[in-house]
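> sequence and predicted structure are below.
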Amino acid sequence: MTVIALIGNPNSGKTSLFNLVTGTNQRVGNWPGVTVERKSGVAKKDKSIEVQDLPGIYSMSPYSPEEKVARDYLLSNHADSILNVVDATNLERNLYLTTQLIETGIPVTIALNMSDVLKSQGKSINVDKMSYQLGLPVVATSAVKNTGVEKAIKTANQTTKTSVETIQYPLYDDKFEAAIAQIVEILGNTVPERSERFYAIKLFERDSLVEADLDLSEFQKGEINDIIKITEEIFTEDSESIVINQRYAFIERVAKMAQSQDSDFKMTVSDKIDKVVTNRVLALPIFTVIMFLVYYLSIQTFGTMWTDWVNDVLFGEYVPNWVRAVLDYLHVAGWLESLIIDGIIAGVGTVLGFLPQIFVLFVCLGILEDIGYMSRIAFVMDRIFRRFGLSGKSFIPMLIATGCGVPAIMASRTIENERDRKITIMTATFMPCSAKLEIIALIAGAFFPHNPFIAPSTYFVGLVAIILSGIALKKTSFLGGYTSPFIMELPAYHLPKVMKVLRYAIGKAMSFVKRAGTIIFSLTVLIWFMSSYNFRFQSVETEYSILASLGKSVAWIFSPLGFGNWRAAVAAGTGLAAKETVVATFGILYNDNTTASLWHSLQADYSALSAYSFLTFNLLCAPCFAAMGAIKREMNNVKWTLGAIGFQTGLAYVVSLMIYQFGLILFYGKTINFWTIVAVALLLTTVYFIARKPRQVKERVISLDNLATTQE
């Protein structure tokens with residue numbers, strides 16, 4: 001089987017092209033020995049071709065786990081050919097990676113993607129001239145319109161017959177070429193012939209990982225070092241800068257020859273929109289308004305209309321009445337009828353009742369993602385995060401967390417700084433996921449039906465908690481240190497594709513339904529049993545059940561937070577298994593199938609302030625068991641895992657305590673009491689941990705000169 005390695009810059013359309021080529025013939029896993037995701041698949045049109053989807057990277061320098069994975073795989077000689085996906089609208093930057101790929105000695109084919117976008121901008125690239133300059137095949141493609149993709153794969157498959165001797169490497173300045181030739185001669189048989197040029201240039205750059213991989217003698221190291229020093233003196237630059245400048249000089253010649261000679265710079269529509277959307281002053285207000293509209297549509301208006309019908313009519317009347325009639329006809333036992341009606345339908349039905357709101361939310365988020373706006377938010381938030389010493393890369397897992405905390409925690413793998421990665425794992429689940437959306441919808445609907453700001457406020461509560469927690473954790477001696485650089489491609493804006501958005505939203509909704517049919521179903525059966533029987537397994541009223549006894553034993557813990565009611569304590573506890581279960585628990589314990597009835601029961605037991613405190617606690621406290629398992633896998637340390645869960649739960653308790661205690665004084669005119677003093681003390685302690693000077697951190701120091709070169 002021919003193995004083609006698919007590689008390119010992030011947002012070059014590589015994943016779309018991979019999906020078109022392989023269809024459903026895909027396998028997902030991790031690269032051996034590392035936690036970076038691996039995708040591979042068999043071509044739909046030719047089963048003899050296997051496509052390896054390498055991580056999206058900007059260069060083959062070892063600055064991130066993705067770059068190391070890609071480099072190690074290519075140098076392992078597993079790939080017969082490389083299909084390099086190049087963004088035609090950003091030719092110069094994309095070709096920087098191309099020059100390095102050619103030097104590996106593996107035959108390269110370029111898929112010049114987004115050619116349709118380039119044409120819409122009134123620009124063009126002469127494919128034949130570009131192919132001649134680079135000495136390799138170039139195929140114009142469009143993953144969006146599915147043009148040229150099959151031809152690119154066929155061409156890449158044919159290039160496997162290319163011999164090392166016929167590969168045309170990028171030619172640089174004669175003095176630099178002389179230095180590389182000397183290093184190649186010194187290496188001799190130390191490295192494979194096909195990749196000797198790649199190793200020579202990497203050694204010239206003083207690539208520490210390449211140096212560690214090669215078993216060079218002290219004589220070889222000394223000779224190479226002398227060559228580097230002499231060349232640096234000739235160019236009056238450090239070795240890494242020499243390589244960078246030589247590559248871009250070559251790329252400039254290629255681009256000048258291949259691109260249309262239109263010297264007039266024209267701002268694209270995306271550029272004009274970005275002048276407003278990413279403006280330093282307007283970016284955050286625009287983001288706030290957009291997220292308000294997203295939650296307003298899903299929670300307060302459009303989504304609510306369908307949710308009310310599903311809760312009140314479908315699961316409130318039709319389903320219970322129909323099931324009860326069937327059970328009566330079959331003469332089933334009373335306990336079984338109670339299990340089905342009061343347990344399963346009341347629990348699962350209450351959860352599924354919020355499915356329309358979740359679907360509308362993900363339609364909105366899918367549109368924002370598809371048009372390219374979410375990338376801009378990551379760019380905008382990087383400014384804020386970096387100002388407080390946090391990495392902009394942390395915001396990507398936080399965006400993913402709006403769907404589910406598990407993939408969000410796994411997405412932290414892309415952060416190469418171990419301390420930044422741990423901070424991200426500990427804070428990413430503060431964002432409201434789809435499961436928490438049910439709690440938000442329930443509380444907002446029951447206690448704040450005419451207040452459109454409550455639901456969106458939870459998003460910003462999570463965001464503020466992440467920022468402030470990150471600041472405080474970054475100032476500790478065990479999580480402090482330098483911030484890893486953040487580079488992100490901003491794709492051009494385009495109209496959302498209806499089917500793509502619908503597939504995204506339906507996929508999220510179906511995932512939610514599967515959880516309701518498995519985890520939530522099992523939990524509702526358990527909750528019904530524990531709420532219907534006592535410890536002697538006798539059928540009793542809910543107030544005397546196992547669940548009531550357990551709830552009353554811990555309810556006092558939550559009294560300072562305003563929800564010392566045993567039902568709320570039980571709901572918060574079951575939420576650790578799955579956040580959707582919080583709503584299902586209320587549905588079973590209050591035995592209410594309809595929205596209006598459940599709202600009335602909640603309003604009788606809790607005030608609006610205590611309800612918001614309850615909402616905040618469940619938003620910030622430890623995530624579900626599945627997410628805890630993900631934390632354990634990513635931390636790979638029991639102490640760090642327990643520390644993360646303890647930090648999340650402790651922070652949730654402190655924030656909810658302050659909200660309730662300060663709210664009693666501000667909104668209800670209550671007098672200061674013991675818990676008010678505790679809340680003030682906790683507030684001052686929190687301010688101290690955020691405002692204090694960073695602790696001294698023992699770690700490798702990076703000079704500003706080296707950092708500047710790295711970022712270049």
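Nice, I can see it.
> list the contacts for the residue nearest to residue 230 when sequence neighbours are not counted?
Of all residues not flanking residue 230 in the chain, residue 179 sits nearest, at 7.7 Å (Cβ to Cβ, 6 or more residues apart in numbering). (C-beta placed from N, C-alpha, C; glycine too.) Contacts for residue 179 (Cβ atoms under 8 Å, 6 or more residues apart in numbering) come out as 204, 227-228, 230-231.
> try it again with 7 Å
Neighbouring residues of residue 179 by Cβ atoms under 7 Å, 6 or more residues apart in numbering: 204, 227, 231.
> with residue 619 as the reference, measure out to it.
58 Å (Cβ to Cβ, to the nearest Å).
> and for residue 75?
From residue 75 to residue 619 the distance is 46 Å (Cβ to Cβ).
> how about the strands in this protein?
In the chain, the strands defined using DSSP state E lie at 2-8, 26-30, 37-42, 49-53, 81-87, 108-113, 138-140.
> didn't residue 82 look like it was pressed against residue 8?
No: in this structure, residue 82 is not within contact of residue 8 by Cβ atoms under 7 Å, at 10.0 Å.
> the two: who's more crowded?
Legend: neighbour count by other Cβ atoms under 10 Å for residue 82 and residue 8, higher for residue 8 (27 against 24).
> test of understanding: give the bridge partners of the more buried one.
Counting by DSSP bridges, residue 8 forms beta bridges with residue 85.
> domains of this protein?
Listed by automatic domain parsing, the domain ranges of the chain are 2-166, 174-258.
> between the two ends of the last one, how far is it?
End-to-end distance for domain 174-258, by Cα to Cα, to the nearest Å: 23 Å.
> stretch 477-493 too?
For stretch 477-493, the first-to-last residue distance is 42 Å (Cα to Cα).
> pLDDT (mean, whole number) over it?
For stretch 477-493, mean pLDDT rounds to 68.
> now swap in stretch 370-380 and tell me
The model assigns stretch 370-380 a mean pLDDT of 79.
> how about the helices in the stretch 401-550 of the chain?
405-410, 418-427, 434-447, 454-474, 498-515, 521-532, 546-558 (DSSP state H, counting those that start in this stretch).
> and if you look at the stretch 1-150 of the chain?
14-22, 65-75, 91-103, 115-120, 127-134, 149-158.
> export these to TSV and tack on mean neighbour count, distance to residue 542 and mean pLDDT?
Below are those laid out as TSV (neighbours: other Cβ atoms under 10 Å; distance: least, Cβ to Cβ, whole Å; pLDDT from 0 to 100):
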stretch	mean neighbour count	distance to residue 542	mean pLDDT
helix 14-22	21	51	85
helix 65-75	21	51	80
helix 91-103	21	63	89
helix 115-120	18	61	80
helix 127-134	17	73	90
helix 149-158	20	60	90
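> which one of these lies nearest to residue 546?
helix 65-75 (47.5 Å; Cβ to Cβ).
> which strands and helices sit next to the closest one?
strand 2-8 (3 or more Cβ pairs under 7 Å, 6 or more residues apart in numbering; DSSP states H and E).
> can you list contacts of the strand it packs on?
Under the contact criterion Cβ under 7 Å, 6+ apart, strand 2-8 has outside partners 14, 18, 48-54, 56, 70, 73-74, 78-86, 101, 156-157, 160.
> apply 8 Å and report the result again.
In contact with strand 2-8 (Cβ under 8 Å, 6+ apart) are residues 14, 17-18, 21, 48-54, 56-57, 70, 73-74, 78-87, 94, 97, 101, 106, 111, 113, 153, 156-157, 160.
> before we move on, the earlier item: can you put the strands of the chain in TSV and add mean pLDDT and distance to residue 187?
Output for the strands of the chain, formatted as TSV (pLDDT from 0 to 100; distance: least, Cβ to Cβ, whole Å):
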stretch	mean pLDDT	distance to residue 187
strand 2-8	90	24
strand 26-30	53	32
strand 37-42	78	30
strand 49-53	89	27
strand 81-87	92	22
strand 108-113	92	22
strand 138-140	92	31
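> deepest of those strands, which one?
strand 108-113 (a mean of 28; mean count of other Cβ atoms under 10 Å).
> tell me, how many residues neighbour residue 217?
Counted with other Cβ under 10 Å, residues neighbouring residue 217 total 10.
> what residues are up against it?
By Cβ under 8 Å, 6+ apart, no residues touch residue 217.
> quick one, phi/psi of it?
phi -80, psi 160 (degrees, to the nearest 10).
> distance check, it against residue 188.
Distance of residue 217 to residue 188, computed by Cβ to Cβ: 10 Å.
> give the burial count for residue 499, as a bare number.
8.
> per-residue pLDDT of it, please?
On pLDDT, residue 499 comes in at 85.
> what do you get for residue 569?
92.
> quick revisit: for residue 641, which of the domains of the chain is the nearest?
domain 2-166 (15.5 Å).
> now do the same end-to-end measure for that closest one.
Between the opening and closing residues of domain 2-166 there is a gap of 20 Å (Cα to Cα).
> next one: it to chain centre, how far?
Relative to the centre of its chain, domain 2-166 is centred 23 Å away, using Cα atoms, centre = their mean, to the nearest Å.
> measure the nearest residue to residue 435 once chain neighbours are set aside to residue 10 for me?
Distances taken as Cβ to Cβ, 6+ apart put residue 579 closest to residue 435, at 3.6 Å, once the chain neighbours are dropped. Going from residue 579 to residue 10 by Cβ to Cβ gives 31 Å.
> who's more crowded, the two?
Counted by other Cβ under 10 Å, residue 579 and residue 10 do not tie: residue 579 has more neighbours, with 26 against 17.
> the domains of the chain into CSV, with extra columns for distance to residue 653?
Below are the domains of the chain laid out as CSV (distance: least, Cβ to Cβ, whole Å):
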stretch, distance to residue 653
domain 2-166, 31
domain 174-258, 44
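> so where's the longest helix in the chain?
helix 638-668 (DSSP state H).
> contacting residues around residue 194?
77, 104-106, 164.
> which among these count as buried?
Using 16 or more other Cβ atoms under 10 Å as the burial test, these include 104-106 as buried.
> between the residues you listed, which sits nearest residue 144?
Nearest to residue 144 among the buried ones among the contacts of residue 194, counting by Cβ to Cβ, is residue 106 at 27.6 Å.
> first-to-last residue distance for stretch 531-551?
Taking Cα to Cα as the criterion, the two ends of stretch 531-551 lie 11 Å apart.
> and stretch 230-241, by the same measure?
End-to-end distance for stretch 230-241: 15 Å, by Cα to Cα.
> would you mark the buried spots in that stretch?
Buried, per 16+ other Cβ under 10 Å, within stretch 230-241: 231-232, 235, 238-241.
> as JSON lines, these with pLDDT and distance to residue 360 would be great.
Shown next, in JSON lines, are those (pLDDT from 0 to 100; distance: Cβ to Cβ, whole Å):
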{"residue": "231", "pLDDT": "92", "distance to residue 360": "61"}
{"residue": "232", "pLDDT": "89", "distance to residue 360": "60"}
{"residue": "235", "pLDDT": "88", "distance to residue 360": "59"}
{"residue": "238", "pLDDT": "86", "distance to residue 360": "55"}
{"residue": "239", "pLDDT": "87", "distance to residue 360": "55"}
{"residue": "240", "pLDDT": "86", "distance to residue 360": "50"}
{"residue": "241", "pLDDT": "87", "distance to residue 360": "52"}
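> ok, residue 158 to residue 227 distance?
For residue 158 relative to residue 227 (Cβ to Cβ), the value is 38 Å.
> brilliant, that's me finished.
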